[in-house]
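Student: The following block contains a protein sequence and its predicted model.
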Amino acid sequence: MDSLTEPSNASLLQAANAGSSEAWDNLVERYHRLVWWSLASHRFDRATAEDVYQTVWCRLVENLGSIRNPDYLASWLTTTTRNEAIRVSKKRSRETPTEFEDRFAAPDSPETDAVDNDERRRVGKAFLALDEPCRELLTLLTAEPPLSYSEVAHAIGKPIGSLGPTRARCLTKLEAILEETS
C-alpha cells in the first residue's frame, strides 16, 4: 500500500475507539510483527508468549482514547510489551510449585531438613530483632499475594520513591544481624 494512502495512527486510533473493526484490523496488521519481535527476547514458551501478546492488544483497547501522541504508537506498544513481559516473568518466578510437582520432587535428606530448619529459625530470630518499621516493610513486600509498591507505600504512609532505599537499608540490617549470630 502506498504511504500516501495509508491512514495515520491518529485516524486509526480514533476510528478504532469509535468501534471500527476495520481500523482495529489495520492497527493489528501494522504492528503485530513489532509486538512479536518485542516478545522474542523474553524466551517464553509459545502459550505464555501468546498470552502476553493478547494482553498487549487488550491494553491498547483500554487506552485507545488516551494515547497522547499517536505518532509514537510503536514505542507505546514496545514499552507495553516489555512491561507486560516483565510482569509475567516476575509473577512466574514467585509461583509456588503445585501439589503435583511437590509429590514428585526428590525428598530432602534428614540432614538437609535439619539445616533448612535451623536456617529458618536463625532468619526468623534475626527478623524479629529488626525494628518495627523494617519488619512491617519487609512483611508487606513479601506478602502473598504480592502487593504493588503503591499499596505498600499507602499502608506504611511513605512515598513510593523511598521504598527501594528503605528496603535496601532493612536488608542490610538483617544481613548484619545474621552475621553477628553466625
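Tutor: Noted; the coordinates are in hand. Residues are numbered from 1 along each chain as shown.
Student: Show the contacting residues for residue 9.
Tutor: For residue 9, the contacting residues are 27, 70, 71, 73, by CB atoms under 8 Å, 6 or more residues apart in numbering. For every residue, glycine as well, the C-beta is placed using N, CA and C.
Student: ChimeraX command to pick out the buried ones of those?
Tutor: Typed into ChimeraX, the line below selects the buried ones among these, using 16 or more other CB atoms under 10 Å:
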select :27,73
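Student: quick one: which of the contacts of residue 9 sit in helices?
Tutor: Among those, DSSP state H puts 27, 73 in helices.
Student: of the contacts of residue 9, closest to residue 15?
Tutor: For the contacts of residue 9, the closest approach to residue 15 (CB to CB) belongs to residue 27, at 9.3 Å.
Student: wait, what's in contact with that closest one?
Tutor: Counted by CB under 8 Å, 6+ apart, residue 27 has contacts 9, 12, 13, 16, 60, 73.
Student: from memory the third one sits against residue 67, does it?
Tutor: The one in question is residue 13. Yes. Shown here, residue 13 and residue 67 form a contact pair, counting by CB atoms under 8 Å, at 5.7 Å.
Student: Compare neighbour counts for the two and give me the winner.
Tutor: residue 13 (22 against 18; other CB atoms under 10 Å).
Student: For the helix or strand harbouring the more buried one, C-alpha coordinates in PDB please.
Tutor: Using DSSP states H and E, residue 13 sits in helix 9-17. Output of helix 9-17 as PDB, limited to C-alpha atoms (Å, rounded to 0.1, in the frame of the first residue of the first chain):
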ATOM      1  CA  ASN A   9      -2.100   6.200  13.500                       C
ATOM      2  CA  ALA A  10      -4.200   9.100  14.900                       C
ATOM      3  CA  SER A  11      -7.100   8.400  12.400                       C
ATOM      4  CA  LEU A  12      -6.900   4.600  13.100                       C
ATOM      5  CA  LEU A  13      -6.900   5.000  16.900                       C
ATOM      6  CA  GLN A  14      -9.800   7.400  16.700                       C
ATOM      7  CA  ALA A  15     -11.800   5.100  14.400                       C
ATOM      8  CA  ALA A  16     -11.000   2.000  16.400                       C
ATOM      9  CA  ASN A  17     -12.000   3.900  19.600                       C
END
